[in-house]
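# Just the structure for this:
(chains A and B)
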There are 2 protein chains.
Amino acid sequence: MLLLNLDEKSREPKYHQVLEGIRSRIEDRTLLPGERLPSTRRLAETLGVHRSTIALAYQELWSLDFLDLRPGARARVRERLQIVTTVDRTAKSLIEWQATASKASESALNSHRLVSPVTKGDESLPAISFRSLDMDHRLFPLENFRSCLTRITKKHGAALLGYGDHAGFLPLRESIARRLQCHSISVTADEIMITSGAQQAIDLVFRMLASPGRAVAIESLTYSHMLPLLRLSGLQPIEIPIRSDGMDLEYLERMIGKEKPALIYTMPTFHNPTGVSTDQAHRERLLSICERHRIPILEDAFEEEMKYFGKVVLPIKSMDSRRIVIYCGTFSKVLFPGVRIGWIAAERECIERLVGIRCFSDLAPNTILQAAMDEFCRNGYYDRHINRMHRIYRRRMQTAVRALREFISPEWAEWTDPSGGYLIWLKLKPVSTPAPDWKSLFAAHGVQVAHGRQFFFSDPGDTYFRLSISTLDEEEIVEGVRRLSRALDHAYAKNQY
Amino acid sequence: MLLLNLDEKSREPKYHQVLEGIRSRIEDRTLLPGERLPSTRRLAETLGVHRSTIALAYQELWSLDFLDLRPGARARVRERLQIVTTVDRTAKSLIEWQATASKASESALNSHRLVSPVTKGDESLPAISFRSLDMDHRLFPLENFRSCLTRITKKHGAALLGYGDHAGFLPLRESIARRLQCHSISVTADEIMITSGAQQAIDLVFRMLASPGRAVAIESLTYSHMLPLLRLSGLQPIEIPIRSDGMDLEYLERMIGKEKPALIYTMPTFHNPTGVSTDQAHRERLLSICERHRIPILEDAFEEEMKYFGKVVLPIKSMDSRRIVIYCGTFSKVLFPGVRIGWIAAERECIERLVGIRCFSDLAPNTILQAAMDEFCRNGYYDRHINRMHRIYRRRMQTAVRALREFISPEWAEWTDPSGGYLIWLKLKPVSTPAPDWKSLFAAHGVQVAHGRQFFFSDPGDTYFRLSISTLDEEEIVEGVRRLSRALDHAYAKNQY
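Below is the predicted model:
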């Protein structure tokens, strides 16, 4: 006799409780394949529910492949479940995945493991992390975004849930075009496509170019994901040294003379990892070099919105009268990264080609979050949020720079003076050999930084750290710099003996 | 003097009205670069608002780069806007994108244009479309999904808006693992990754394999996106003919003897475009061939859930004791495609490698929709929806098959007898040369079908059409088949003269 526990007070419908009860008994093999269940009438009487409740549960169990139902016969547990139990969960795969995977994907795997390390510090002292370029969750305008989500599901209804535009939700592309005007970029909605963050934007551009032997000029040092990204598309990097005022343009011109790259990738504003921005003259010169040689520029403007200090330098794209600049931006570094919405602004034909690739790589972005983000922009929430972020981070960055001056001796390190964004780049003075294990040293002092190594293609000789203040408030910043100071003091004090 | 129209009754905050008023005047060049704005005091008096309202508007305009603000001086319109107006919007790009783009991306572009055609029919007769494999929006359980969205934003808060797990939201992976048990697939959450639809799942697997000269065995005919997808990763197709009972396994073995593919891609259940499912014996034989040769199988189970007729055949993955099957599924073909959520179930090491690639291609999926979908599953809405879909499509497919028998003469065509899903594959009898322009002929009769051509790599000789009933109700199906019948009658009547 089948006894099931029905919870009278539960909000879960009765039929579903019956369904789950039987399902779990089949799964734990209390009910065996081939076994007959009671008739719907009988079970209904036993459980004190209406017969249709049992019939519905049986029908769903049939549709879930748990039962065989035949007119006039009692329901039976399906034979199929025997197969599940024969799968040996400890068996190793017949496939050697390492041999099956390409070299490029091997490189992605290793980099993935590198950039996602789990750093365990002293458990009694929760670490302050300057490592992450995530956003400060405490500043997320969640309520506003939630109200936008609710509003758009009411406004657009089921249309939100069907396949969307391959290029992205048109009203959002219009909102972005409008927003780009604030940065003096003049494009229309059909010169914009929505991507799954700036990361997909770069990946799509690289996939568009991917041909054997092709090369892309990049700043050296650069975004830590760049090398695996290039490798995945089979592109070669041409490294252009970066100086305190940006990419070395003389070097670039000489390189172009030797080997013309298919593209130049640059982060002119708040460069990652150094935080440096190039000036107007540098941008004009880079643009003019690329126009002369007809080389497209991929301008990565991931922190464009975070210009909260002094004079603004305009994006290269704003001067792009000859349409050679592919500009990519994102909501991730000012609003919230979790919606995964970035964009590309480029000439129409270029956009059409990129949309063609996206159509085969992941078809289209989801419409729901795009519509919610559009609503968020159109209601003025986005402008207001940026304003708030500017006020907050102007203070936070001032605090960080002041704390560095106060606590970090110039005999230990020097660092960049950022004009916005979240990043400070720290260069250490030489320390006695053997150099300390920095990661353990910092962990012991309850602080985390990003080691500079990951941003170089080859060993830079010196030791660098990237400090990101994106997730920390003023108090945390000051305490973090204090801990950094104690760690460095420890390293350099040893140095003197 | 600056006159702005403030709407007292508007819900838009005053400061925002001021901001927008000034912005539009700058954009339409009523206010020119360099021009001074009134002091905050003066403008506040003119407009009858508090001075802080104007100050806030000016500050936001500054943060949006429209104004220069200096202490003690009046606000000025920024010079930068001149640059915008110097961009000639008709200028052609200096870059020849066609030469810059790779051949593979060119192929993607052309296929993209092919698969997204705009078919204009007789305007007076709105077309009934058997062409799309979109879902019937009328069946979307929007209210339930909306309630899940609201609930999870309250439950998880800001955590939803930060960067998420590269492999996907863990609770959803658990829900999918549980759901896969219904298909006798026994995997744990760490053997699952979430993708942006089944499309990204296939793309990631192909990118993992991509090495020059490598080949993938595919059914010929197959999913129309397959060729551009393979090309994007630089993989070669090995075509294995498909017969009425599935992939020709003798042919496959002979091919493997000549050239071992890196992977075999197959759609054993409701194959696209034919709608055919292979039987248990065929699946066992395919698995055993691949185990013997150590070739991974990519099992595309995009319509697995739509088994609404008779005896169920289990997925190949359910028998995968040697862990060689990479199984991909999606919510798109039973629930709604717009959330763009699919998944891959495979051995842990394989999943880790795929996540490594995703980490560089688009970082991570958004967490919000994953959490909402998880809530949807855990509340029993998903099971209930599938049940409803089964009831509805069992009837719709019966109606379609009945209508075909009634209205389409066996002298015109023959078609497959589907055991579920949405697709019927129609093969026409030879028609007099020259064959009619089918697209125009069908358009003239107010009906659309997918031409079979796009599913073949080379000219199949015969004429095929794929009929999808996924967006049509019973009445529309019957009327659509009637129109199809009239069009065919027209073509074959001519045939006799």
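# Name the nearest residue to A:Gly10, sequence neighbours excluded.
Wrong residue type there; residue A:10 is Ser, not Gly. A:Gln17 (6.8 Å; C-beta to C-beta, 6 or more residues apart in numbering or on different chains). No exception for glycine: its C-beta is placed from N, CA and C like everyone else's.
# Give the buried residues for the helix or strand encompassing that neighbour.
For A:Gln17, the host element (DSSP states H and E) is helix A:14-27. With burial defined by 16 or more other C-beta atoms under 10 Å in any protein chain shown, the residues of helix A:14-27 counted as buried are A:14-23, A:25-26.
# Tell me who's in contact with the residue nearest to A:Ser10.
By C-beta atoms under 8 Å, 6 or more residues apart in numbering or on different chains, the contact set of A:Gln17 is A:4, A:6-7, A:10.
# Also A:Met397?
Here A:Met397 is in contact with A:308-309, A:418, A:420, A:422, A:469 (C-beta under 8 Å, 6+ apart).
# Need the residues you listed in TSV (columns: secondary structure and pLDDT).
What follows is the contacts of A:Met397, written out as TSV (DSSP: H, G, I helix; E, B strand; the rest coil; pLDDT from 0 to 100):
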residue	secondary structure	pLDDT
A:Tyr308	coil	90
A:Phe309	coil	87
A:Pro418	coil	89
A:Gly420	coil	93
A:Tyr422	coil	96
A:Ile469	coil	97
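# which one in chain A is furthest away from the centre?
A:Gly72 (56.2 Å; C-alpha atoms, centre = their mean).
# Look at it and give its secondary structure.
Here A:Gly72 takes the coil state, with states given by DSSP: H, G, I helix; E, B strand; the rest coil.
# Pretty sure B:Thr153 is one of the things A:Arg146 touches, is it not?
Yes: the criterion here is C-beta atoms under 8 Å, and A:Arg146 meets it with B:Thr153 at 4.7 Å.
# Please identify which of the two sits among more neighbours.
B:Thr153 (22 against 17; other C-beta atoms under 10 Å in any protein chain shown).
# what's the burial count for A:Ser111?
A:Ser111 has 21 neighbouring residues, counting by other C-beta under 10 Å.
# Could you report the pLDDT at it?
Listed pLDDT for A:Ser111 reads 82.
# quick one: contacts for A:Pro171?
By C-beta under 8 Å, 6+ apart, the contact list for A:Pro171 reads A:371, A:374, A:378.
# mind running it again at 10 Å?
By C-beta atoms under 10 Å, 6 or more residues apart in numbering or on different chains, the residues touching A:Pro171 are A:156, A:189, A:370-371, A:373-375, A:377-378.
# buried sites along stretch A:168-179?
Judged by neighbour count using 16+ other C-beta under 10 Å, the buried positions of stretch A:168-179 are A:168-177, A:179.
# quick one: which of those sit in helices?
Among the buried residues of stretch A:168-179, DSSP state H puts A:170-177, A:179 in helices.
# top strand in chain A by residue count?
Assignment by DSSP state E gives strand A:236-243 as the longest strand of chain A.
# now what about the helix or strand just after it, what contacts it?
Toward the C-terminus, strand A:236-243 is succeeded by strand A:246-247 as the next helix or strand (DSSP H and E). By C-beta under 10 Å, 6+ apart, the surrounding residues in contact with strand A:246-247 are A:217-220, A:222, A:240-241, A:264, A:266-268, A:271, A:274, A:276-279, A:282-283, A:285-286.
# swap the cut-off to 7 Å and go again
A:219, A:240, A:266, A:268, A:276, A:278, A:282, A:286 (C-beta atoms under 7 Å, 6 or more residues apart in numbering or on different chains).
# Assumed the fourth one was part of a strand.
It stands for A:Pro268. No: secondary structure of A:Pro268 (three-state DSSP): coil, not part of a strand.
# what's the closest non-adjacent residue to A:Leu354?
Per C-beta to C-beta, 6+ apart, closest to A:Leu354 is A:Leu204, 4.9 Å.
# list the helices and strands the helix or strand containing the one you found packs on?
Assigned by DSSP H and E, A:Leu204 falls within helix A:197-209. Packed against helix A:197-209 by the contact rule (3 or more C-beta pairs under 7 Å, 6 or more residues apart in numbering or on different chains; DSSP states H and E) you find helix A:226-232, strand A:297-300, strand A:325-330, strand A:342-345, helix A:348-361.
# which element follows the worst-scoring helix or strand of chain A on mean pLDDT toward the C-terminus?
Every helix and strand of chain A was ranked by mean pLDDT, DSSP states H and E. The lowest is helix A:81-86, at a mean of 43. Next in sequence after helix A:81-86, counting helices and strands by DSSP H and E, comes helix A:97-100.
# Go through the helix holding A:Leu204 and flag the buried ones.
Under 16+ other C-beta under 10 Å, the buried positions of helix A:197-209 are A:197-209.
# Now do it, average pLDDT.
96.
# What ranges in the stretch 51-200 of chain A fall below the confidence cut-off?
Where the stretch 51-200 of chain A drops to pLDDT under 70, the residues are A:79-90, A:115-124.
# go again using 80 as the cut-off
For the stretch 51-200 of chain A, applying pLDDT under 80 flags the ranges A:63-65, A:70-72, A:79-92, A:114-125.
# strands paired with the longest strand of chain A, and their directions?
Sheet pairing here is set by DSSP bridges, and for strand A:236-243 it gives strand A:215-220 (parallel), strand A:246-247 (antiparallel).
# how far out from the middle of the chain is that strand?
Centroid separation between strand A:236-243 and its chain, computed with C-alpha atoms, centre = their mean, to the nearest Å, is 24 Å.
# Kindly report the same for stretch A:474-481.
Its chain's C-alpha centre and that of stretch A:474-481 lie 25 Å apart, by C-alpha atoms, centre = their mean.
# Just the buried positions in it, please.
A:474, A:476-478, A:480-481.
# Next: stretch A:183-193.
Here stretch A:183-193 shows A:183-187, A:189, A:191-193 as buried, counting by 16+ other C-beta under 10 Å.
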